[in-house]
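# Structure of the sequence below:
(one chain, ligands or ions: 1)
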Amino acid sequence: MKFPKDFVWGSATSSYQIEGAWNVDGRGPSIWDAFCQIPGKVFNNETGNVACDHYHKIKEDVVLMKAMGLKAYRFSISWSRILPQGRGEVNEKGIKFYSDLIDELLANNIEPWVTLYHWDLPLALQLEMDGWLNKDISDVFAEYAQICFEHFGDRVKHWITFNEAWVVSILGYGQGVFAPGRISNAEPYLAGHHILIAHAKAVKLYREKYQFLQKGKIGITNNCDWREPLTNSKEDKEAAERALEFFLAWFTDPIYFGHYPKSMVERLGERLPEFTREEKEMLMGSTDFFGLNHYTTMLASEAKEVEQGSVYGNGGLSEDQDVNLSMDPDWELTEMKWAVVPWGCRKLLEWISERYNYPEIIITENGCAYDDRLINGEVNDIKRVEFFEGYLKECSRAIEKGVNLKGYFMWSFMDNFEWASGYSKRFGVHYVDFNTLERTPKTSAIWFGNFIRTNS
Ligand code: PNW
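Next comes the predicted model:
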């Protein structure tokens, strides 16, 4: 495998998934704190109240990063730790926490990559203004972003405005399986629209007021699985293309071309909002790199009869796309039931490169969930090693083919709160106590992480 000398090697986490300390030092509640309180929303009714207790363990965790040889660490800021009400008064203790973390990372030669929004919207903004459904939230987001640039931009040189607008829109406002739990076939497109505008406003602000002085880069991360046509038929090839447009180009076409993909405009009609001329101009070119989270691949075929309703993680509201998704039974599955298909990663990288004229791509997440067992103090995780070897080989092949891939962050730095799946396995047997290897409802099973911190 060949990777450029300046290639960025890192690992990633997000605030709600690891920090814990949910009501400590003035942090305000987020929509995930509220969502977790509703019985049945999260597997086993688990919460991020404690999680990995990273809030109290910065030093220890940076020691682990250093031991692992990380060059870069991607984390997210909890908006309601900085602004307990989402706007207005700043919580100095929240600022200090992230400032200390950044200093600790830099002291260990680990480059901080900061995501501003990884799904934990301040609850006040959900209650007061309906969260991402309200157009005005883009200004509120930009104000929050400004506070972050102001306090951390002297040391942070890589900013990511949003993590996975698709998940926020589809899982949060379409299927209702993630906070704020809304179910609708129109709201995802409105929420996604406002996220794009919020992204563009934050980038404009950074470029006009900070980039010149702070000399950092700013971008956005979107997620996409690969969609391989089920057969060679024209219909299935078009279905696969359409599925990629509804998944990824939904958020990246506006940023590179200033408009939504034609397939979406045609099929969604009035449910897809339009950008004003000013918004288009603000969006075009509003990213310094193409942030990509990639996990799996599915087969796509033209839907003769549309499967009604939606499936968790299927790539959107399928009834809007006329696409049916399936899997090759020979593919190996992770604990999330996501297929391990390394070549899909290369094909996606090539698809992005061709469509957007070879942008600099950073894989900001890639990884796998396995039921790791601690035996004599060790996890012999052969499958995870194979997973990374497979995906990295295809990344290296993509680079040989001209893809401008410049970084790779594995998900996740440590075992953490996996949203609606909690700490436990969503599928199969649960709870392994790592000390006794007994199954008990008190400890957590391993998801993606390299490091284990039991929560008993
Ligand atoms: C990403 N899907 O989430 C997130 O960025 C992480 O916070 C998360 O832990 C990780 O991937 C693993 O799930 C996703 O349904 C959640 O397709 C769901 C989907 C994709 C990404």
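# Which helix or strand contains Thr364?
Assigned by DSSP states H and E, Thr364 belongs to strand 361-365.
# so what strands line up beside that strand?
strand 290-293 (parallel), strand 405-411 (parallel) (DSSP bridges).
# which one of the ones you listed lies closest to Glu235?
Distances from Glu235 to each of the strands paired with strand 361-365 were compared using Cβ to Cβ; the minimum, 27.4 Å, belongs to strand 290-293. The way it works is simple: take the backbone N, C-alpha and C, and place the C-beta from them, glycine included.
# returning to what we had before: mind putting the strands paired with strand 361-365 in TSV, distance to the ligand, mean neighbour count and mean pLDDT included?
Compiled in TSV, those are given as follows (distance: least, Cβ to the nearest ligand atom, whole Å; neighbours: other Cβ atoms under 10 Å; pLDDT from 0 to 100):
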stretch	distance to the ligand	mean neighbour count	mean pLDDT
strand 290-293	5	25	99
strand 405-411	5	23	96
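# Would you format these as CSV with distance to Gly269 included?
Converted to CSV, these look like this (distance: least, Cβ to Cβ, whole Å):
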stretch, distance to Gly269
strand 290-293, 29
strand 405-411, 36
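# Any idea which of these gets closest to Asn324?
Asn324 lies closest, by Cβ to Cβ, to one member of those: strand 290-293, at 23.8 Å.
# So what are the sheet partners of whichever helix or strand comes after the closest one and their directions?
Once strand 290-293 ends, the next helix or strand along the chain (criterion: DSSP H and E) is strand 297-302. Here strand 297-302 is paired, per DSSP bridges, with strand 226-229 (parallel), strand 323-326 (antiparallel).
# Just say which of those strands is most tucked in.
strand 226-229 (a mean of 23; mean count of other Cβ atoms under 10 Å).
# From what I see, Val42 and Phe35 are in contact.
Yes: contact status for Val42 versus Phe35: in contact at 7.3 Å, counting by Cβ atoms under 8 Å.
# ok, the residue of the stretch 1-150 of the chain found nearest the ligand - contacts?
For the stretch 1-150 of the chain, the residue positioned closest to the ligand under Cβ to the nearest ligand atom is Ser14, at a distance of 5.0 Å. Ser14 makes contacts with Phe75, Ser76, Thr115, His118, Trp119, Asp120, Asn163, Asn416, as judged by Cβ atoms under 8 Å, 6 or more residues apart in numbering.
# mind listing what's buried in stretch 269-277?
Applying a neighbour-count criterion of 16 or more other Cβ atoms under 10 Å, one finds Arg271, Leu272, Pro273, Phe275 buried in stretch 269-277.
# Against the ligand, how distant is the nearest residue to the second one once chain neighbours are set aside?
If you skip the residues right next to it in sequence, Leu272 has Tyr189 as its closest partner in space, 5.1 Å away by Cβ to Cβ, 6 or more residues apart in numbering. Distance from Tyr189 to the ligand, counting by Cβ to the nearest ligand atom, to the nearest Å: 18 Å.
# Give the burial count for Tyr189, as a bare number.
23 (other Cβ atoms under 10 Å).
# Around the ligand, which positions in this structure sit nearby?
Ser14, Gln17, Asn163, Glu164, Val167, Asn223, Asn293, Tyr312, Gly313, Glu365, Trp411, Glu418 (Cβ under 6 Å from any ligand atom).
# at 8 Å what do you get?
By Cβ under 8 Å from any ligand atom, the part of the chain that sits against the ligand consists of 12, 14, 17, 118-119, 163-164, 166-167, 171, 178, 221, 223, 225, 293, 295-296, 312-315, 336, 338, 365, 367, 369, 411-412, 416, 418-419, 421, 447-448.
# Identify those among these that sit within strands.
Residues from the residues of the chain next to the ligand lying in strands, with DSSP state E as the criterion: Ala12, Asn163, Thr221, Asn223, Asn293, Glu365, Trp411.
# Among these, the buried ones, what's the ChimeraX command?
One line in ChimeraX is enough to select the buried members of these, burial here meaning 16+ other Cβ under 10 Å:
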select :12,163,221,223,293,365,411
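# now, among the ones in strands among the residues of the chain next to the ligand, which is nearest to Val379?
Minimum distance to Val379 across these is 16.7 Å, recorded for Trp411 (Cβ to Cβ).
# Report the separation between the closest one and Ala369.
Between Trp411 and Ala369 the computed distance is 9 Å (Cβ to Cβ, to the nearest Å).
# and the least confident helix or strand in the chain by mean pLDDT, which residues are buried?
Comparing helices and strands within the chain by mean pLDDT, DSSP states H and E singles out helix 318-321 as the least confident, with a mean of 82. Of the residues in helix 318-321, those buried by neighbour count under the rule 16+ other Cβ under 10 Å are Ser318, Asp320, Gln321.
# Any idea how many residues pack against the residue nearest to the last one when sequence neighbours are not counted?
Right, Gln321. Nearest in space to Gln321, with sequence neighbours left out and distances taken as Cβ to Cβ, 6+ apart, is Phe246 at 4.9 Å. Using other Cβ under 10 Å, Phe246 has 24 neighbouring residues.
# quick one: the strands in the stretch 51-200 of the chain?
For the stretch 51-200 of the chain, the strands defined by DSSP state E, counting those that start in this stretch occupy 72-76, 111-117, 158-163.
# Would you format those as CSV with mean pLDDT included?
Written out in CSV, the entries for the strands of the stretch 51-200 of the chain read as follows (pLDDT from 0 to 100):
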stretch, mean pLDDT
strand 72-76, 98
strand 111-117, 99
strand 158-163, 99
